[in-house]
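Asks: Build the 3D model from these lines:
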Amino acid sequence: MLTNPFYAGIYRYNYRDESGKSHVVKAAKEWVMVEDHHPAIVTRERQNRIATLLQSRQRGLYSNGLTYQRKNTHIFAGLLRCGCCGSSMASTIDRERSDGWRPSIYMCTRRRRFNDCQNKYVSDITLGPFILNFIANMIRVSNSFGKSTSIETLEKKLLRGDVFSNVDHIERPGLEELYAHLRSGFDEMSFESTGVQAAESASQIQERDLLLAEKRKLERALNRLRSLYLYSEDEMPEKDYIVERKQLTDRLGEVDARLEEVEKLAVDSLTLSDEEFMAKASYFILTQQLQDKRYVNYERFIRKIDPQIVKDFLNSIVTNFCIKDGLTTSILFKNGLEIQFSYKSTE
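Replies: As a prediction, this is how the structure comes out:
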């Protein structure tokens, strides 16, 4: 939808050379474009703007051999909760490494202020690889999950990678909830909270159905009134007919007006601004980058990407990460799913 002219009402053919085994895209001058072939979902102008923005965002997202120059962006700031006292965790920049990278470190705010919490600080160096690889595993497992997949296989795939070598298991409640979600026949992995959106859309749908039912009822009443006035053996006074018809048509007009408002609200709720559309596109590209790699090298990944994209992505899907003694003990997603990790004994 980002670049396909079909969504702008254009039918494109002679696009690929299908004479060989691999369907190679032909030169643009050979394409045949039929304008106004079907109703458009987006305008061509907006699609061109999006394509331009997307190209520039892709260059910033994952540039070839270049590191991303930026001010300090603490990717996990505002998302970390102390596993000892429940306080938030404050972020600061750590010392510069030999290669120039300066990771963030996070410390319990209560420990910093009152020194009465014994929780250790955590660094991007350990937190980043754990979080990004777990989310990458979730994306991959959601794409490969089948009816025959067991809950044990699910857990094994979620904990695939050396970064999870000290995790003993995932606590059963969250694992079972995720397993049930995957078995329910979903379309794609969704971490975002849909409660408010679902409540709003359900309310709009219910009102629309009620309005349509009343509209049909009023139209039937008008037809019966007209038949009664024109064809009934008991003659209906014209004055009574005019008064009753006006009452019905006035009410029908009110219903039509409200229906138009409800339809407009529904359309507005589905319309994204260019910025929102680009955010969705950026997240899509980011998730593709995550799932395309067997292992996500956090330091290399974060130095070649706009860190704000990663931060915004995490803020859109996660409520908090619980941290205890430098380890991630749980991830609470926006949709209410909580994954808790149990670690192997160090003794």
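Asks: switch to C-alpha atoms for all contacts and neighbour counts from now on
Replies: OK.
Asks: care to break this structure down by domain?
Replies: Here the domain parsing of the chain from automatic domain parsing is 5-59, 195-270.
Asks: Mind jotting down where the strands sit in the stretch 51-200 of the chain?
Replies: Here the stretch 51-200 of the chain has its strands, by DSSP state E, counting those that start in this stretch, at 80-82, 89-93, 104-108, 122-123, 167-170.
Asks: Mean pLDDT added to these, as JSON lines?
Replies: Converted to JSON lines, the strands of the stretch 51-200 of the chain look like this (pLDDT from 0 to 100):
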{"stretch": "strand 80-82", "mean pLDDT": "97"}
{"stretch": "strand 89-93", "mean pLDDT": "93"}
{"stretch": "strand 104-108", "mean pLDDT": "95"}
{"stretch": "strand 122-123", "mean pLDDT": "96"}
{"stretch": "strand 167-170", "mean pLDDT": "97"}
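Asks: Pick out the shakiest of the domains of the chain, pLDDT-wise.
Replies: Sorting the domains of the chain by mean pLDDT places domain 5-59 lowest, at a mean of 68.
Asks: how many neighbours does the closest residue to residue 159 other than its chain neighbours have?
Replies: Spatially, and ignoring its direct neighbours in sequence, residue 159 is nearest to residue 134 (7.1 Å; CA to CA, 6 or more residues apart in numbering). The number of residues packed near residue 134 is 23, by other CA atoms under 10 Å.
Asks: Give me the phi and psi angles of the residue nearest to residue 129 when sequence neighbours are not counted.
Replies: Counting by CA to CA, 6+ apart, residue 298 is the residue found nearest to residue 129 once chain neighbours are left out, at 5.1 Å. Per-residue torsions, residue 298: phi -60, psi -50 (degrees, to the nearest 10).
Asks: residues in contact with residue 298?
Replies: If you count contacts by CA atoms under 8 Å, 6 or more residues apart in numbering, residue 298 has them with 125, 128-129, 132.
Asks: What of residue 245?
Replies: Counted by CA under 8 Å, 6+ apart, residue 245 has contacts 222, 225.
Asks: On the three-state scheme, it is what?
Replies: helix (DSSP: H, G, I helix; E, B strand; the rest coil).
Asks: Look up how far residue 135 lies from it.
Replies: 62 Å (CA to CA, to the nearest Å).
Asks: So which of the strands of the stretch 51-200 of the chain is nearest residue 306?
Replies: Closest to residue 306 of the strands of the stretch 51-200 of the chain is strand 104-108 (CA to CA; 15.3 Å).
Asks: quick one: the residue nearest to residue 159 and residue 158 touch, right?
Replies: Yes: in this structure, residue 134 is within contact of residue 158 by CA atoms under 8 Å, at 6.4 Å.
Asks: Check which residues of the host helix or strand of residue 316 are buried.
Replies: Per DSSP states H and E: residue 316 is located in helix 307-317. Of the residues in helix 307-317, 307, 309-311, 313-315, 317 count as buried by neighbour count, 16 or more other CA atoms under 10 Å.
Asks: Stretch 316-329 now?
Replies: Going by neighbour count (16+ other CA under 10 Å), the buried part of stretch 316-329 is 317-324, 326-329.
Asks: Repeat that for stretch 226-240.
Replies: Of all the residues in stretch 226-240, those buried under the rule 16+ other CA under 10 Å are residue 229.
Asks: What are the contacting residues of it?
Replies: residue 241.
Asks: What distance separates the opening and closing residues of that stretch?
Replies: Its start and end residues considered, stretch 226-240 measures 12 Å (CA to CA).
Asks: Could you provide the buried residues of stretch 316-329 in CSV, with additional columns for distance to residue 215, secondary structure and pLDDT?
Replies: Shown next, in CSV, are the buried residues of stretch 316-329 (distance: CA to CA, whole Å; DSSP: H, G, I helix; E, B strand; the rest coil; pLDDT from 0 to 100):
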residue, distance to residue 215, secondary structure, pLDDT
317, 41, helix, 88
318, 44, strand, 92
319, 44, strand, 93
320, 47, strand, 96
321, 51, strand, 97
322, 53, strand, 98
323, 57, strand, 97
324, 60, strand, 96
326, 62, coil, 94
327, 60, strand, 96
328, 56, strand, 97
329, 55, strand, 97
